[in-house]
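**Q** Show me how the following folds:
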Amino acid sequence: MKATAYTNGKIFTSDDANLYADAMLVEGERIKWVGKEAEMPAGDYETVDLNGKRVIPGFVDAHMHPIMLADFSKKISALPPVVNSLTDLEQKIAEVRDKQEAGEWIQGWGYDEGKLAEKRSPNRYDLDKGCSDSPVIIFRTCGHVNCVNSKALELAGITKDTPDPQGGEIDRDENGEPTGVLRENARSFITPLLPVTSDEEKIEEIVDLGELLASQGITGVADIGCLSDGDVYGYYINAKEKGFKQRVGIYYMWDYYWQNKDFVIPQEQMDGDQQIHVAGLKTVGDGSFSGRTAWVSEPYYGSTDEYGISVCSDELMESAIKFCKENRCQYSMHAMGGAAIDRIVNRVAKEEKWNDDETPHLRIEHTTEPSDEAIAKTVEHGFAFATQPIFFYAEIESYLANLGPERTKKTYPIKKLLDRGVNVCFSTDAPATSWAIPSDPFPCLKAAVTRYAYDGTDCGQDQAVDIETAIKLYTKNAAVITGLKNAGQLRAGYHADFAVLSEDILTVAPEDIDKVKVEQTYIDGQRVFG
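**A** The predicted structure is shown next:
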């Protein structure tokens, strides 16, 4: 096969040993050479003129929920510009009801009370106005809180006398009646009642999602937990056969498997150099800051005794650690608040590293308020943080309300983490992101570089990073932390995964980073977009 020479480009490789280039050779699925065009090895090549465009490695979204995102795309979007108020939401629910029979579920996602005109969460009575003869559920943007209508509460058997489950809360009014808001593990009352998407539908949705991701320059993702016990690996393998191109590292949500004695991860599925591989397990240690359910070390703003929720039981956590040690796979723990982060860091710090490559054996998701002690132990033991600058950028109303302005500036202390040697990467947590197109990487990069929220709120200028660092965290670091082998950098022997951009993202004004578009995306040397 004749190699292809990509010339006349502005190539940013994310490879610190060879960071800038203007030409690249691709042979088959791999990069053969990267460097200065004048030094390119002689040969008979097909040539592609990059026309002076900026080229970067394909983005690796190290924390997202692709199956959920693909599914949510078919549901009501409860975010601006579609929904700006509870009245808008009621209208959207009514529109769906008009197209369905009574009794059929109506589902939506993405509500954020800070973005609604009423500045409050919807409740059962709001949803009842849209539809009262069918069950309705709207997922909050964080994914840790749901709101349901009275019909759904009736079907789930949730009444004034229903106790809170372990690790969850049923919101109640002054008379003790459920308001319809279900937090953390209280969501489990509803989950078994929701309609099940067929395997064929899920596979087609994944294929469609792959096209969206390609248009955003995303060539690899971590599926960091699916809220079901379906055949996640099989879904992706079948989607691959139907044209899905992205690399995927799969993390099984351990809650659904830990009591299944027959659950195994075949060794051949754990090779990170193949398109689809299983990376490890995921558990959820606490909730979200926007929902005031993250388990914090310091009380929430305006409170003296509100510390959030510890979600993961000791038994579940210990069984996950045992499985990961025995199978030499990664353990991922969702931990946003300081108390949740300290808990998992202190526990796994007692163990020796149980895998033998550069992939961290423990990765901690979100890590909004890590303590200095947790940071030090993370560096000492080779753990990693997968964090999301898009959160403070897109959900600033909730952060200010729940943490206050000064504490908000200290969240997601990326510069501090890097200065202290923490292995950090970026991601979006789509669809659990309060943004209209939640998987878009560019607002996330803009947030990291400017440290301003979308509305101009200062989110801590001392924690800003430069654009080159931000790209590395979204490519090279993300690939390593997700266990994607030979990906995330443009260097010899690596997969030829890259994006051609409309503007030079290294020189565009920081406030305009989110205006940069992807013109072409390549995966394994094949153009998959543009």
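
**Q** Show me what the helix or strand that contains residue 25 packs onto, helices and strands only.
**A** Take DSSP states H and E as the rule and residue 25 turns out to sit in strand 23-27. On a contact count with 3 or more CB pairs under 8 Å, 6 or more residues apart in numbering; DSSP states H and E, strand 23-27 meets strand 4-7, strand 30-35. Just so you know, the C-beta spots here come from the backbone N, C-alpha and C atoms, and that holds for glycine as well.

**Q** I'd like those strands as JSON lines, with mean neighbour count and distance to residue 351 appended.
**A** Below are those laid out as JSON lines (neighbours: other CB atoms under 10 Å; distance: least, CB to CB, whole Å):
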{"stretch": "strand 4-7", "mean neighbour count": "21", "distance to residue 351": "44"}
{"stretch": "strand 30-35", "mean neighbour count": "20", "distance to residue 351": "35"}
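
**Q** would a markdown table of those with mean pLDDT be doable?
**A** Below are the helices and strands packed on strand 23-27 laid out as a markdown table (pLDDT from 0 to 100):
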| stretch | mean pLDDT |
| --- | --- |
| strand 4-7 | 98 |
| strand 30-35 | 98 |
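
**Q** Throw those strands into TSV and include distance to residue 72, thanks.
**A** As requested, the helices and strands packed on strand 23-27 are arranged in TSV below (distance: least, CB to CB, whole Å):
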stretch	distance to residue 72
strand 4-7	36
strand 30-35	35
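
**Q** To residue 266, which of those strands lies closest?
**A** Closest approach to residue 266 among these (CB to CB): strand 30-35, 25.8 Å.

**Q** Send me that closest one as PDB with only the CA atoms.
**A** This file holds the C-alpha atoms of strand 30-35, laid out as PDB (Å, rounded to 0.1, in the frame of the first residue of the first chain):
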ATOM      1  CA  ARG A  30      -0.500   4.100  11.200                       C
ATOM      2  CA  ILE A  31       1.700   7.100  11.200                       C
ATOM      3  CA  LYS A  32       5.000   6.300   9.600                       C
ATOM      4  CA  TRP A  33       6.800   9.600  10.100                       C
ATOM      5  CA  VAL A  34       6.100  13.200  11.400                       C
ATOM      6  CA  GLY A  35       8.400  16.200  11.000                       C
END
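
**Q** quick one, that strand and strand 23-27 angle?
**A** Interaxial angle of strand 30-35 relative to strand 23-27 (axes from the mean of the first three to the mean of the last three CA atoms, to 10 degrees): 160 degrees.

**Q** Just name whatever secondary elements strand 30-35 is in contact with.
**A** strand 23-27.

**Q** Within its sheet, name the partner strands of the strand it packs on and how each one runs.
**A** Next to strand 23-27 in the sheet, as set by DSSP bridges, lie strand 4-7 (antiparallel), strand 30-35 (antiparallel).

**Q** that older thread, contacts for the strand holding residue 25, please.
**A** Outside strand 23-27, the residues that touch it by CB atoms under 8 Å, 6 or more residues apart in numbering are 1, 3-9, 11, 31-37, 40-41, 43, 45, 55, 490, 496, 498, 525.

**Q** now swap in stretch 441-458 and tell me
**A** 59, 61, 216-218, 388-390, 392-394, 396, 400, 405, 408-409, 414, 426-428, 435, 459-461, 463-467, 470-471, 473-474, 505, 510-511, 513-516.

**Q** Give me the buried subset of these.
**A** 59, 61, 216-218, 388-390, 392-394, 396, 400, 408-409, 414, 426-428, 435, 459-460, 463-465, 467, 470-471, 473-474, 505, 510, 513-514, 516 (16 or more other CB atoms under 10 Å).

**Q** Quick check: which element contains residue 308?
**A** Judged by DSSP H and E, residue 308 forms part of no helix or strand.

**Q** meant to ask about residue 262, not that
**A** Residue 262 belongs to no helix or strand, assigned by DSSP H and E.

**Q** now swap in the one 3 residues further on and tell me
**A** Residue 265 is part of no helix or strand when elements are defined by DSSP H and E.

**Q** Count residues in the vicinity of the residue nearest to it when sequence neighbours are not counted, would you?
**A** The shortest distance from residue 265 to any residue other than its chain neighbours is 5.0 Å, reached at residue 278 (CB to CB, 6 or more residues apart in numbering). Neighbour count for residue 278, taken as other CB atoms under 10 Å: 26.

**Q** how would you label residue 278: helix, strand or coil?
**A** Following DSSP: H, G, I helix; E, B strand; the rest coil, we place residue 278 in the strand state.

**Q** what sits opposite it in the beta ladder?
**A** Residues in beta-bridge contact with residue 278 (DSSP bridges): residue 250.

**Q** That one and residue 51, how far apart?
**A** Applying CB to CB, to the nearest Å, the value for residue 278 to residue 51 is 40 Å.

**Q** Ok, residue 161 next?
**A** The value you get for residue 161 to residue 51, if CB to CB is used, is 69 Å.

**Q** who has more neighbours, the two?
**A** Using other CB under 10 Å as the criterion, residue 161 and residue 51 rank with residue 51 on top: 10 against 6.

**Q** Ignoring the adjacent residues along the chain, who's closest to the more buried one?
**A** Closest residue to residue 51 apart from its sequence neighbours, by CB to CB, 6+ apart: residue 8 at 6.4 Å.

**Q** need the contact list for the one you found.
**A** Residue 8 sits next to 22, 23, 37, 49, 50, 51, 52 when contact means CB under 8 Å, 6+ apart.

**Q** which phi and psi does the fifth one have?
**A** Its backbone dihedrals place residue 50 at phi -80, psi 0, with angles given as degrees, to the nearest 10.

**Q** What segments of the stretch 151-300 of the chain are strands?
**A** 168-172, 178-184, 218-223, 247-253, 276-284 (DSSP state E, counting those that start in this stretch).

**Q** Now the helix or strand containing residue 445 - C-alpha only, CSV.
**A** Per DSSP H and E: residue 445 is located in helix 441-450. Output of helix 441-450 as CSV, limited to C-alpha atoms (Å, rounded to 0.1, in the frame of the first residue of the first chain):
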residue,chain,number,x,y,z
PRO,A,441,-14.8,19.7,23.0
PHE,A,442,-14.3,23.4,22.2
PRO,A,443,-16.3,25.0,25.0
CYS,A,444,-14.4,22.7,27.4
LEU,A,445,-11.0,23.9,26.0
LYS,A,446,-12.2,27.5,26.2
ALA,A,447,-13.2,27.1,29.9
ALA,A,448,-9.8,25.6,30.8
VAL,A,449,-7.8,28.4,29.0
THR,A,450,-9.9,31.4,30.0
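
**Q** CA atoms only: put the next helix or strand after it into CSV for me.
**A** Per DSSP H and E, the first helix or strand lying C-terminal to helix 441-450 is helix 467-474. Written as CSV, here are the backbone C-alpha positions of helix 467-474 (Å, rounded to 0.1, in the frame of the first residue of the first chain):
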residue,chain,number,x,y,z
ILE,A,467,-4.1,26.1,24.9
GLU,A,468,-1.3,23.7,24.1
THR,A,469,-1.5,22.2,27.5
ALA,A,470,-5.3,21.9,27.2
ILE,A,471,-5.0,20.1,23.9
LYS,A,472,-2.5,17.6,25.4
LEU,A,473,-4.8,16.9,28.3
TYR,A,474,-7.6,16.3,25.7
